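Peer 1: What follows is a predicted structure for the sequence shown.
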Amino acid sequence: MTRPNTPENAGVLTPDENAYSSDRTQDEFSKAEIERLGRQRPEVLSSTIVEFGFVTAIIMSMMMGEFFVSGFNIVLPTVARSLDIPDSSRTWPAEVPSLTTAAFLLPCARLSDRYGGRIVFLFGVSWLVVWSLICGFSQNTNMLIVCRAMQGVSTASYLPAGMSLLGQTYRPGPRKNFIFSLYGAFTVLGFYIGIAVGALMAQLLDWRWYFWVGALLALANAVIGYLTVPKLAGQGGDAALVMDWWGLGTIVPGIVLIIFAFTSGSGAPEGWSTPYVYVTLIVGVLFLAAAVYVEGWVAAQPLFPAEVFRPKGMKRLVVSLFCCYGVFGVYLFYVSYYLETVLHTTPLQTAAWFTPMALGGIFLALVGGVVLHLIPGRILMLVSGLGFLLSMLLVALIPEQDSATGTPSNSFIYWAYIFSAMLCATIGVDITFNVTNVFITTSMPARLQATAGALINTLLYLGIAFWLGVAELAVSQAKEAREREGGDSLSPREQYKIAFWLGVALAAVTLILFSTLKVGQASADMTADEKAQLAEELAARQAAAQAEENGERVEK
């Protein structure tokens, strides 16, 4: 029999080498057959139109998650004035969706495995329609915060379900690579569209239309998903699965409390010394420590099974993603504020300056679908790490403008620094997102696809929240040190520079971690379930052969 692909060029965990030496006919798992299956449209998608609608529904759901994160930061000043939100509470409407998303990703992944990806996905996008519509009618701060929290629950529902649907529908190969490249690219495009729509609504209409436009887009997403997401074989859910209530009771409060502490630390009355900040952080860490014990030794069906970390290099990949998503979060948050408060760009100009990131993402999607199966994943991850490092270096080195002459001009700063940084940032996040999505979903059996999707997105939200908290802590400590020395207070530019240099250091660590990863080419290959089945059949045949040999010896 012809061996499909080696672990080196597949980039995924495979059974033992001898698993491919069984007496199956060459036609069953020949390299040519696997290559053909990796390129053709999946049989469960009955036509090209259905496939287009299915991919659009999954990609659009990811875009909506980014839409309601990026655009809200643009309309927040207008919302705060309209609803009379105090300064101490303004971060909560912006942060609470990320908090609820991160907290409920794993429970929703279990629901997806139990009841099927289709039903959980459609529930998530429909839930987003309802609460986005209600958001536009918010009358006070509390109502807005509740609505935004519910938006986060919807995101937690459809993200792992969508990843599961894509991972189970497409086999390893060029077609899957291209679809996941589109998925990563349109994430950045959704971020940009959110900024553009938010800027238009804030500057030309009313902030409420930002949510209503989002609700209409989410409605279109729900309709397309209902019509095209197939009822896949094996997607009806696994009735044997049960909810891990002990895991739910430790993981969710642990994540909520930790993210709350990191997002509230800098804005609290006494900073990180505020009792409720460090108390919630300590309690959150204790909850997660309890979760490790529960998931490892108590739960019969843990929310986060150890099998997720079984593929070679997975633990290092998790640490790498936690760091690199932190770099991206620091970049997006502080660059947005730098443009508006230091360079004094208008909302529409800010949106225009983010355009290279969106266009670069689309370009990388088109190229990625062609090269992901040709270039070793390790090389791509190194390119991604360099992109993160250069993006942070460029914004950290932006020269100071002369207050009298205004030199260097905004135009020079944009073309010399911002434009290049935007391109490098999209190289960093898009390549990382694409390569790791393909690697993780290809490495996991079908029953763990939703959990794999939850893992990726949990790392995204936790990485951003944790490292933004660290950046804000560094800024606050620098401000306190300046005050103790009796000097002038730190200017906004000086504060942002501290965060940028922290991002440079974190990007350097990310690049080093990426260099240790061994991720091969995302070539056409058997699925993880097929490899496992082949290994089981081989073991059974070897046992039968051994028993037959022992029987012959007894007869003799």
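Peer 2: On my side now, so go ahead.

Peer 1: Can you list the low-confidence ranges for the stretch 201-350 of the chain?
Peer 2: 232-239, 265-268, 271 (pLDDT under 70).

Peer 1: the helices in it, which residues?
Peer 2: Taking DSSP state H, counting those that start in this stretch as the test, the helices found in the stretch 201-350 of the chain are 207-228, 245-264, 275-293, 314-337, 347-353.

Peer 1: again, but for the stretch 51-200 of the chain
Peer 2: Per DSSP H, counting those that start in this stretch, the stretch 51-200 of the chain carries helices over the ranges 91-115, 117-135, 141-169, 174-204.

Peer 1: of all the ones you listed, which lies closest to residue 481?
Peer 2: helix 91-115 (23.3 Å; C-beta to C-beta). Bear in mind the C-beta positions are built from the backbone N, C-alpha and C, glycine included.

Peer 1: can you tell me how far residue 197 sits from residue 66?
Peer 2: 12 Å (C-beta to C-beta, to the nearest Å).

Peer 1: should've said residue 338
Peer 2: Using C-beta to C-beta, residue 338 is found at 20 Å from residue 66.

Peer 1: what are the phi and psi values for the residue lying closest to residue 212 once chain neighbours are set aside?
Peer 2: Distances taken as C-beta to C-beta, 6 or more residues apart in numbering place residue 136 nearest to residue 212, at 4.6 Å, with adjacent residues excluded. Note on residue 136: backbone dihedrals following degrees, to the nearest 10 are phi -70, psi -20.

Peer 1: Okay, and the spatially most central residue of the chain sits in which element?
Peer 2: Centroid check for the chain by C-alpha atoms, centre = their mean gives residue 457 as the closest residue, at 3.8 Å. If you go by DSSP states H and E, residue 457 is part of helix 449-484.

Peer 1: and the angle from that helix to helix 275-293?
Peer 2: 150 degrees (axes from the mean of the first three to the mean of the last three C-alpha atoms, to 10 degrees).

Peer 1: same for helix 449-484, what does it pack against?
Peer 2: Applying 3 or more C-beta pairs under 8 Å, 6 or more residues apart in numbering; DSSP states H and E, one finds that helix 449-484 makes contact with helix 91-115, helix 141-169, helix 245-264, helix 314-337, helix 419-443, helix 492-515.

Peer 1: before we move on, the earlier item: tally of neighbours for the residue nearest to residue 212?
Peer 2: Residue 136 has 17 neighbouring residues, counting by other C-beta atoms under 10 Å.

Peer 1: Contact partners for it?
Peer 2: By C-beta atoms under 8 Å, 6 or more residues apart in numbering, the contact list for residue 136 reads 208, 209, 210, 211, 212, 215.

Peer 1: can you tell me which residues contact the third one?
Peer 2: Counting by C-beta under 8 Å, 6+ apart, residue 210 touches 71, 72, 75, 136, 197, 198, 201, 202.

Peer 1: May I see these arranged in a markdown table, with distance to residue 539 as well?
Peer 2: A markdown table is the format used below for these (distance: C-beta to C-beta, whole Å):
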| residue | distance to residue 539 |
| --- | --- |
| 71 | 54 |
| 72 | 54 |
| 75 | 59 |
| 136 | 59 |
| 197 | 56 |
| 198 | 57 |
| 201 | 61 |
| 202 | 63 |
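
Peer 1: Can you give the distance from stretch 52-65 to the centre of its chain?
Peer 2: From the chain centre to the centre of stretch 52-65 is a distance of 14 Å (C-alpha atoms, centre = their mean, to the nearest Å).

Peer 1: So which of the helices of the stretch 201-350 of the chain is nearest residue 399?
Peer 2: The closest of these to residue 399 is helix 314-337. By C-beta to C-beta, the value is 15.6 Å.

Peer 1: ok, the residue nearest to residue 330 when sequence neighbours are not counted - contacts?
Peer 2: Nearest non-adjacent residue to residue 330, counting by C-beta to C-beta, 6+ apart: residue 503, 4.3 Å away. By C-beta under 8 Å, 6+ apart, residue 503 lies in contact with 327, 330, 331, 334, 392, 396, 471.

Peer 1: between those residues, which is nearest residue 256?
Peer 2: Nearest member of the contacts of residue 503 to residue 256, counting by C-beta to C-beta, is residue 471, at 20.8 Å.

Peer 1: Isn't the closest one up against residue 330?
Peer 2: Yes: under the criterion of C-beta atoms under 8 Å, residue 471 makes contact with residue 330 at 5.2 Å.
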